[in-house]
Structure formats: structure tokens, C-alpha cells
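Enquirer: Quick one, structure for this:
(chains A, B and C)
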Amino acid sequence: MIRHLVSIDDLSIEEIQALFTWADRFSEDPRGQSEMCRGMIAASLFYEPSTRTRLSFESAMLRLGGGVLTAAEMTSSSAAKGESLADTVRVVGGGYADVIVLRHPSEGAAQLAARYSPVPVINAGDGAHEHPTQTLCDLYNLHVERGHIEGLEVVLAGDLKYSRTVHSFAYALARFGAGIVCVPQPGFEMPEYVVRRLRDEFGVEPVRADTRRLGTLAAESDAMYLTPQKPHQLSLFTDAKGWELQQVDALYMTRPQTERFDQSDGGVSKYMRLDRRDMAAESLRDAVVMHPLPRRDEISSDIDEDPRSIYFKQAGRGVPIRMALLSALMGQIELPVNNSPARESWPVSVGANPCPNPSCISHTEPRHVQPRFVLASRQPMRARCAYCSRELLYRFVGCATTGHYHLPESAALRKVRPENLVFLPDEEQAAVLNFSQAGVRGDS
Amino acid sequence: MIRHLVSIDDLSIEEIQALFTWADRFSEDPRGQSEMCRGMIAASLFYEPSTRTRLSFESAMLRLGGGVLTAAEMTSSSAAKGESLADTVRVVGGGYADVIVLRHPSEGAAQLAARYSPVPVINAGDGAHEHPTQTLCDLYNLHVERGHIEGLEVVLAGDLKYSRTVHSFAYALARFGAGIVCVPQPGFEMPEYVVRRLRDEFGVEPVRADTRRLGTLAAESDAMYLTPQKPHQLSLFTDAKGWELQQVDALYMTRPQTERFDQSDGGVSKYMRLDRRDMAAESLRDAVVMHPLPRRDEISSDIDEDPRSIYFKQAGRGVPIRMALLSALMGQIELPVNNSPARESWPVSVGANPCPNPSCISHTEPRHVQPRFVLASRQPMRARCAYCSRELLYRFVGCATTGHYHLPESAALRKVRPENLVFLPDEEQAAVLNFSQAGVRGDS
Amino acid sequence: MIRHLVSIDDLSIEEIQALFTWADRFSEDPRGQSEMCRGMIAASLFYEPSTRTRLSFESAMLRLGGGVLTAAEMTSSSAAKGESLADTVRVVGGGYADVIVLRHPSEGAAQLAARYSPVPVINAGDGAHEHPTQTLCDLYNLHVERGHIEGLEVVLAGDLKYSRTVHSFAYALARFGAGIVCVPQPGFEMPEYVVRRLRDEFGVEPVRADTRRLGTLAAESDAMYLTPQKPHQLSLFTDAKGWELQQVDALYMTRPQTERFDQSDGGVSKYMRLDRRDMAAESLRDAVVMHPLPRRDEISSDIDEDPRSIYFKQAGRGVPIRMALLSALMGQIELPVNNSPARESWPVSVGANPCPNPSCISHTEPRHVQPRFVLASRQPMRARCAYCSRELLYRFVGCATTGHYHLPESAALRKVRPENLVFLPDEEQAAVLNFSQAGVRGDS
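Expert: Sure, this is the predicted structure:
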């Protein structure tokens, strides 16, 4: 079966650790790997520019002795002659290339590509959705610098609201069992839905954090600690003022994602700026400073020479970890068996596309593709878009075989097979599609 | 002597078949050919974007172990610093690359490049003129799917008026002795000049076709059968209603070339759409469905999984056939000796450029280049532009040595050497160039 | 220590000659060098388009068996997400690539990149500043055609005012001891500052030249001869009418650099045009015709076939000489030891950036970078921008330790350490920075 990398969740912890081991090996002699993927080809399909990400992947492929096809300026807008993404990956994956690296402005694009491509697809960023190799690279840096990830204390600082990178990194840190200290730019706190997912899926609890030991950096920030430990354990060492930050292992700084700001965000008049003075804080004595780059002014160049500043090294380590990933997906190295079942999805065969995300690929590129969903829970019935992961919007759920519809909470839905579920926005649409209300005219 | 590929006509049938054999070999182990062109370089010079074509060539070169130079966004418009195409290919071919793959919006660009380049030039599309490797790929698909081309019955459907691809394919099918069934979108019939060339050069006769067995697809179409057999043979099995379609070997669908539509074409309100229902037609039982891609809606995705739908495979096979072509032109594999003489051409040394095609390279890029012509017939004197193949426009033909001019039908022209021919639009221009009418003041 | 190529001056004559020897070797078998840089990667970072230069470098790297990362359309303008050049080269040089080829519109960009990059940087053109590999290529052509450079007579013709290429070539010719005959397009004479540098740094003297033997080409030109011989030697063979041109070894033609023209230059109504008639001049009998390309109309295509026309060969030879350079900088071949000390520079730590060049990288890209200067002379105190080489603009020079300022001529400055020099535009700024005039309140 072809393996893709659409989300960091597609990789088990064991697989990630195996990739680290290979990346370590490649790092020792990056120029000596030119037989690893000889004769193979990676295609960079970039529907929006991202020179750094592209060069990192292409460097990795060249180091492995493979070839690179570059389409740095594909545009999904070319209405006249343009083709659907589903067709493009079937062509490029059908003989041109052995792996596809895809960057796309629409959420879910990589998932769609993976569905149709005959060769592995690597998500190099799909809108505000996922960018798993950035997360892989960030984790790898912790592995190199600290030797492990479990139990580390990692500070996430800056714009925690819009940074896709920071959200993915937080999920992954939680999965590995690291503690997370959120030190947001005021007004750009970690969104509620991210915290909820951290709690729901990874059992992480948020606690108010006392960050006095962080010094000037956290002075104005409403800090939060996300801990993989259970609350009752936490209470052993916290007091009323919240958990107290001791020693930080890594400080992850992010730039303001101004391109995603909306009106309510206003202009950030005074964004955080990490400088030599901040780095003198007691708790940061052994902390490495990370940044996904590009930075603007949030890290002062006066700490560029500080040995704790690893942000340039961090970017460079993106190459060996991508070498490991490419080799694995193309079957040149073996990863541990992943027993977690693949996420199942079903087509939305009746009615309009219930995904509420206008920049989801199921809306921006509907040709040759059917909307699909995954089930998040059966009672109440909650479904998510199989492409962009957004929760579907509907008031009723119908059953295609009985022709009846129900409220999402209805126990009757438990018996309906997923392929027969129909998502209905309102009674009118239900009527149009010939569905009648369950119970009113005899629910089965 | 350097071999170029400007037109599919540059290759003999024997050469094409030898390329098929090599392509078969390469297909068996595409990743195992990395010694074939090691140390060699292909340059993609693309003066208009065509990502798919470019990637297909570059994939082929990389599979052969060669290197690729990419200039995906060359523009002929850069007036300030721009250089003539003749100069560019002399530079790129003079040490940078071992083969040039050229895409250009002007008709005849590849011919011009071939004239000046020190290394082989491959035409990857020159305006509405030629795209020989697409045709080569289409023929190769028939070879793979059917084992031969002679005697096949191939349906060409859709926009047969503007599709450069379909015209070249038709000429090549005729040359190989296949039968062609034209099922045009109403209003987009095969142009008269194409049918004329099919008859003049390949002895193909058009016959009205009865396509009832094609079912819904041909219902509104005025179908035509182009047969390599002589009409008297044909009469053996046709009746008054025209030749009756029996069994189709391949159905070649084309998209509406809306970018070339003119006002008279209007909007195509309802373009043909091949779907599951059409494919149920009796005559298509064993037909493979082909499409040069990109498709839009003319092939429904409901037949994407049909084993007869080979359009994605078709694109993929472009790689091994281009591998064969590149290897051959760079002298790494040998083709059968081609005894057909190269087409001779002569410079237009006197007067204005007589090529009537405004998008011919001889008009769009006149620097460092002289217009040239080839002789199509000597009586009447008919000449074509050596670049874009368009028939020259003139009322009189002069002789540079006698200073006389004649009507094209004049027998006197038979004695004039081609290098002395002068094409004159009218009497005024003749006078300006000091030509006098033959016979009036003593014709020699 | 990492070697960069920012200016042709970075290479000693011995190193250049060693590169020639390697280039000769590579020319003999360009396709056979694919083990030389196997596993290594060159990154082309082009902040303005220059397809020819880029392809020449990439061809060289591919011929050496290395890989190429291409960023053909980087833009320094991308304000939102853009990163500083200093950061970019630290990332790209920190694992992605083993050598960086940089093209940038700002003067001094390559020097800045060299300062921060962990791998060698090659300047592929930084604004109007330097383009050392073009000069290297030009010199290599003389070496191939004539076997030596010392003592050659080289005519530089055309726009000698704006052509960066011609200035660098002139400096290099002077360094190698060749004679230079300037035959400018009227109004586009060699600038005074270039002539001054030729005299100051290379001991070259300008003499009026009698170019009657050049025929039509120099008819309207005010020719000048730049000779490496001492004036008293020159007088041995010149008369009152100036040195008389005898036999030319090379004629270097340049295009009008219209993109750099200012209002005072007007339109060049009739630019020089070298054609067959010119080439009949007695003195050009054995002269090779060179041109950095692209040409427009300044060389007529009627001499393209003339064996003396080497401009296409000249471009082609850019590949082997760049192969030699790349191999040397990446440590794959050894060059003679260069004993010339590296040019030292110091940061401008106090006050505004004193570089007067608005398109200097120190102004266009100030983030993460401090202005720096080099000392051109100590008495009077003259300093140049360490990036763009332009002389700094200031009225006074202060000493950071004493807090006093002086006129540049002051002997007191001789005792000040370079790192303590402060460049002050006027008294007002001096006061703002708390400097007092030396002597007035007790100079030390």
C-alpha cells in the first residue's frame, strides 16, 4: 500500500523515531548518500510559492542521488487550460515522478492528491491546515539537541493564534509527552479549539502558569501550561498561583502571521522581540531558541551568535529528516510496522457539499472529485470533512435507504451505515431531496 | 549531421517503430537507465508555459541519468535586454546543453532554432504549428495497446477544427495506414485544408460515415470516414448511406480549444461529453479512450476507472517514448538509416517577407534571421514558408538574374533556379525592386 | 577558510591561470567530469532574472556531476513574509547547498552574503557593481585564442560608460599587463573614476590614440589608449598625434546599456554597428571579435560566420571556466596558495550609514546587518563601503574613545584604531552624537 504524508498524525511515534535514526545517519555524511534513491524522481508541485520549503525538499532528494522535477509556479486559477488537481497528480504520479511534494493554498489539497496519486504524496503545506514536515523537522531538532522529547518543557511564544506551525507542533509535543508553556503575544492566544483538541485527543490539561522566571519576555503575557500529567499529579507541585516555570528546554518563537490577520486583530503595534536581555533569564539558561523562519524582527540579531540560538541549524536539519522521509516513502528504507488503522472516509453522495470551509479543496477544486467525510463521533453524530478536517455543518442527518431524517442526537442514527448518511442543512433541503422527518411519517 | 525533431514528418515510419522498441525496453525498467545519458544535459527553453510537456521531457532526461537546465519562463517580449532566438540557441547549444527542448508561441520557431543550433532541437510545440512528441506519444499508445497501427479504426471526436494535436495525429495515422472516423462537435469539423493534405500527401479518401453503432456520442455529428484504401476498394463494403462503422479500436477525445476560438465560433453551449452511457455503445466494446489532456468536462469522471480509459496511462507513456527520442538524437542509441532527403530551403533575399502568417517566427523574431522558403510545386509555382509551412502570398514571381517577373503559372519559371526566385505581391512592388514584366520588354 | 568570489580582485593572477589550466582540461571532455562534484549541490539564488548567467552556472555544476537548486525568481520586495539576505544565505548555506550562486540588484549583495554564508558565495552580478565570472570568462577566451594576455592589444568599443562588464574587464586587462584601446560611442566614454582607478591601482597611463587603421568603426570616436608601460617608454614609439594603433588582438563590443541611461544620455540615435565592412580594416586582420551578449544590433549578423567572430564560442567557454571555479571553491581541485591578505573591514557602530549609494545593499536590506567600511587611505582619511565599494560621504571623522572629531586630513586620525572611527556628515550630527571638535575643547 502506498504511504503518504498528509498530516503528522499519519506517522506513529515509532515511525517518527525511526526517521530520526535515519536522519542522524544521513547527517553524518550528507554527500555520501547518492546511491540511495538513484534513478528516482521527486516532483515539486507548488501552487503557491514557498522557496525555502521547496529547496529543502529538493536538496534532500538531490543528496539521495535522485532527480527533481520543479513546478514552482503552478496556479490553480488558470481557468482556460487548467486541469483538476486530481488529474494532475494522476499524470505526474503516473510515470513522471516517484514521489510528489505538494504545496497548495486550499485546505485538504494534499488529502485529495493522496487519494488519486499512484505515488506517495507529501504535504508541503495546504493552506492553514497542515505542514507536517515542518513539525517533523521541529521534533527532530529537539531529538538532536536534547536526545528525547518526552518530559521536555517547551515554551511557545508569539502569535499562537494564527501559526499553523505552532498548532501542529503543540499536538505533536503532546503526543510525545512534552510539557508546553504558552507565552502568547497579547491578543494572539492559543485558540480554544486547539486547546480542546489537545485535551480531547492527548489528555493534556491546561493550567495557569507563573512565568516570572522567564523575565521580560513573558511580562505582559497571560501564560498557560499544557501538561500531559493528570491534574491530581500536577497539584503536587503547584500552588494557587499556578504551575511555576522552572527550567525551559526549548523556546519556540513565531513571527506575527500578518497575512492571516483579520480586522479585529488590528495592527500589532509592539510585537514581542527576543533579545540578549531576555536570554539572560534564569529559566532560559539551557534553552535552545527555535524559530520556523523566516523571522522578521521577533528575534534580535544580537543573539544570532549565541550558542543557544539554533534557528539556522534547525532549518538545515530539515534536509536530513526529509531525506529519511523521502527514502522511507519510496521504499528505500524500512520503517517499523504501523498497526494503526487508516482513517476511513465515505463519499457525500446526496445533496450539496456540507463542508463549511470555503477554502477547502472540495469547494475550490470540485472537478473530478466527490466530497467525502469521516466520522468523528456517532452519538451525537459528528462528521468532519475528509479533506480539510473541518466539522461539517448540518441540522439533520438522513438515511439514504429509509428516506427519513433525524436530529444528530437521535439514537436511530447509530444503526445507519456510514455510506447511507445524508447531511441536511434544513427542512427545506430535506424536502427537496425527498426526505421525510423520522417518526412523523413512521420512522424505522 | 545533427538530427532535429521539428515535425513528426522528420521521422520515417521505420525510425518511429525503432523508437517504439526502445520505449518498450525503457518502460520495463524506467529507473534502471541512469547510465544511458550520464554527463549529458537537456535545456528546456519554454517561451510560454506548458508545465506538463516540460515535466515529461525533464522526467525522461532524468530517467536517462542526464541533467536538466530549466528556463520555464523565457519571454520573447523582453525588448530591452532580449536577444534573438537564433542567438539564444547558438549560446545554449554552444556548450551549455547537448539537446534543446523548445516551446514557443510563434509558428516556425523550432525550425528556426534547428537552423542555428549546434545541438539537436526538439519541438515541444510552436504555436498552432506542430507538437511532434505529442503525436509520437499518441502513436506509441496505439502500439502498446494494439501492437500495431496499420489497419486500426480510430475515432477522433470533439473540436477537430482547432486542435493542433488532432491534425498531426490524423496525418500520422494516415501515414501508418490507419482508418480515421471524424466525429466532430457540430461547427468544429476537420478543416478543409487538413482533409486536402490527407488526400494529397497520403492518398486518403473521405467518405460519409454511418455511425449509428457509436450510439449517443455521434448522434448530432456529421461523421466522416477517412480511409487509406482506394475508393473502388471501399465500394465493396459500403452502401449508399456511406461506410458503416463496425468496431472501433481507439476513441480520441479532444477538449474545446476555447483559447483559439474566434467570434464566429460563439460559445460552445453544449460540448460533447463522453460518459458511461456512451461507452456502452456496441462499437466501443474494445475501444481504448484517449485524450491528450488536460481534460475539462468532455470526459466524465465516471469512466475514469473503466479499464478502457487509458488517458492517464497515455500521458505516462510520454516518458519512455521521450527517453527513446532523447537517446536517439543525442546519439546514444541508433535508429535505422533514414534515406529520405532533407527538405531543402532557400533564403528570401530580395523584397519583403512573403509569409502571410503574422505569428510566424519570421515576423515575430526577424533579428539575425532571413526569411526562407521551400518549394511545394514548380508548376504552378507554389512556395511555403520554411519556418511555419504556410503558403506564401504573392501575385508574381521574379527571376533575380533576368530581372523579369511572371505569373506563377508561367512555364518560364521552370528554368529559374530556386535561389533566384523573387516573390512579388503586386506590380508596384515589382517596379520598386526594378523588375519588369516578362514578355513586355522581352522575356528570356 | 571559506573562499568566495565577490570581485575578480579576490583571485590572484596565479589562481586565475590555474583556473585556465583546469578549464582547458574540462573543455577536452566536458561530459566526462561527472564524478568531480558528485553528491554536492549548488543553489542559484537569483533576485533578478538572468537566464543566461544562471544556465551557464547550472550547466557547469551538472557537468561536474553535482546537483542544482534553482530559485530563479526570488524577490527582495516580498515585504510580508520576506526574510533578510543574511538569513537566507545562512539557511541555504546551512545544509541545503554546498555553494551559493547569487544574483542581486543591489550593489554589495554578494559581499554581504559572503559575510554570512557558511558555504562559498559566487557573485553572479550585484547591480552595477561586479560580475566577476563574466570577466573570468572574457579573460579565459583571450587565453584560449591567444595563449596569453600580457602584451595583447584589446579594443573596447561601444558604451564604455555604463557597461559594468567593460569596467571589470579593463581592470583585469590592466592587471594582466594588456594594452587597452577605448573606442567609445560618442557621449559614452570611459568614466573618469574608472580611468583614475586604472592609473592609481595598476599604473596604467591614458594616451590619445590614433585609430585611423581601425577604419570606419572608430571614425567618429575619441579614442584613448591605456597602456601598462610607463610614459617614458611610450614616448619611444608615439608621436605628437598620439599612440598609433597597429595590430589589434581582440575587439570587445558592448551593447548600449539603455536600461541604465539617464535623461542626459538622450536616445542613442545611431549606435555603433560592427559589420563586414569594418572587419576589413587592416588592423583587425587577426582580431577576434568578442561580445558579452546578448547583442542587439551592434554586431551585424553578416559577420556571424566570420571565423574571427568568437562571441558564441565565448559564451560557451563560460561553462568550463565556471566548472573550474566551482570545483576550486568546493575544494575539489587545488589552486596555488594566495598570499595576498584578505581585505579587512570594520562595522559602522555609531551614527547613520555613511554609504552614499542608495542602491547599496546596506540601504536596501539593512535588517540583521551592520554597515561596514574598509580604509582606502589613512591620510587623508578615505573610507569605502565594505559592501558596494563606494567612497563614504562625510565631513568629519570622530574617534569613539576620545569623543573628538577631526577633518579627514587631520594627522590626529592616524593614531585612531579603525574600529573607533566614526564618520560624521556635519557638525549638527556630531553634536547629536556627543562629539566635540578636536582642539576646541582639548584634542588628545
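
Enquirer: What separation do you get for residue A:349 and residue B:358?
Expert: Counting by C-beta to C-beta, to the nearest Å, the gap from residue A:349 to residue B:358 is 52 Å. Yep, even glycine has a C-beta here, placed from its N, CA and C like the rest.

Enquirer: more crowded one of these two?
Expert: Legend: neighbour count by other C-beta atoms under 10 Å in any protein chain shown for residue A:349 and residue B:358, higher for residue A:349 (13 against 9).

Enquirer: doesn't the more buried one fall inside a strand?
Expert: No. Using DSSP: H, G, I helix; E, B strand; the rest coil, the assignment for residue A:349 is coil, not a strand.

Enquirer: Please report phi then psi for it.
Expert: Torsion angles at residue A:349 (phi, psi; degrees, to the nearest 10) stand at phi -90, psi -20.

Enquirer: okay but it is in contact with residue A:373, surely?
Expert: No. The pair residue A:349 / residue A:373 is not scored as a contact, 10.7 Å apart, by C-beta atoms under 8 Å.

Enquirer: so what's residue A:211 closest to, chain neighbours aside?
Expert: Leaving aside its sequence neighbours, residue A:211 sits nearest to residue A:218 (C-beta to C-beta, 6 or more residues apart in numbering or on different chains; 3.9 Å).

Enquirer: Also residue A:295?
Expert: Nearest non-adjacent residue to residue A:295 (C-beta to C-beta, 6+ apart): residue A:255, at 5.9 Å.

Enquirer: Helices of chain A, residue ranges please.
Expert: Taking DSSP state H, the helices of chain A run over residues A:13-28, A:51-63, A:85-91, A:109-116, A:132-146, A:164-176, A:192-202, A:231-234, A:311-316, A:318-329, A:361-364, A:427-432.

Enquirer: any residue of the second one up close to chain B?
Expert: In other words, helix A:51-63. No. Helix A:51-63 lies apart from chain B when judged by C-beta under 8 Å from any C-beta of the partner chain; the minimum separation is 10.7 Å.

Enquirer: Show me what counts as buried in stretch A:206-224.
Expert: A:206-207, A:209-211, A:214-215, A:217-218, A:221, A:223-224 (16 or more other C-beta atoms under 10 Å in any protein chain shown).

Enquirer: of all those, which two lie farthest apart?
Expert: Across the buried residues of stretch A:206-224, no pair lies farther apart than A:206 and A:215, at 22.6 Å, counting by C-beta to C-beta.

Enquirer: Show the pLDDT at residue A:434.
Expert: As predicted, residue A:434 sits at a pLDDT of 94.

Enquirer: picking up where we left off before, show me the buried residues of stretch A:206-224 that map onto strands.
Expert: A:206-207, A:209-210, A:224 (DSSP state E).

Enquirer: Out of those residues, which is nearest to residue B:306?
Expert: Once C-beta to C-beta is applied, the member of these that ends up nearest residue B:306 is residue A:206, at 53.2 Å.

Enquirer: What residues are bridge-paired with that closest one?
Expert: residue A:226 (DSSP bridges).

Enquirer: Flag every buried residue along stretch A:427-440.
Expert: Neighbour-count burial for stretch A:427-440 [16+ other C-beta under 10 Å]: A:429-430, A:433, A:435-438.

Enquirer: which one of those residues is nearest chain C?
Expert: residue A:429 (40.4 Å; C-beta to the nearest C-beta).

Enquirer: Identify the residues contacting the nearest residue to the closest one once chain neighbours are set aside.
Expert: Leaving aside its sequence neighbours, residue A:429 sits nearest to residue A:351 (C-beta to C-beta, 6+ apart; 6.6 Å). Residues counted as contacts of residue A:351 (C-beta atoms under 8 Å, 6 or more residues apart in numbering or on different chains) are A:422-424, A:429, A:433.

Enquirer: For the stretch 1-150 of chain A, what lies in contact range of chain C?
Expert: Residues of the stretch 1-150 of chain A lying near chain C (C-beta under 8 Å from any C-beta): A:30-34, A:51-52, A:55-56, A:58-59, A:62-63, A:65, A:68, A:70, A:72-73.

Enquirer: Equivalent analysis for the stretch 301-444 of chain A, please.
Expert: So the stretch 301-444 of chain A meets chain C at A:301, A:304, A:312-313, A:315-320 (C-beta under 8 Å from any C-beta).

Enquirer: Now do residue A:221 against chain C, distance only.
Expert: As judged by C-beta to the nearest C-beta, to the nearest Å, residue A:221 and chain C stand 24 Å apart.

Enquirer: Nearest to chain B: which residue in the stretch 251-400 of chain A?
Expert: For the stretch 251-400 of chain A, C-beta to the nearest C-beta, closest residue to chain B: residue A:368, 4.3 Å.

Enquirer: so residue A:73 touches residue A:50, yeah?
Expert: No. Using C-beta under 8 Å, residue A:73 is not in contact with residue A:50; the gap is 11.2 Å.

Enquirer: between these two, who's got more neighbours?
Expert: Each of residue A:73 and residue A:50 has its neighbours counted (other C-beta under 10 Å); residue A:50 has more, 18 against 15.
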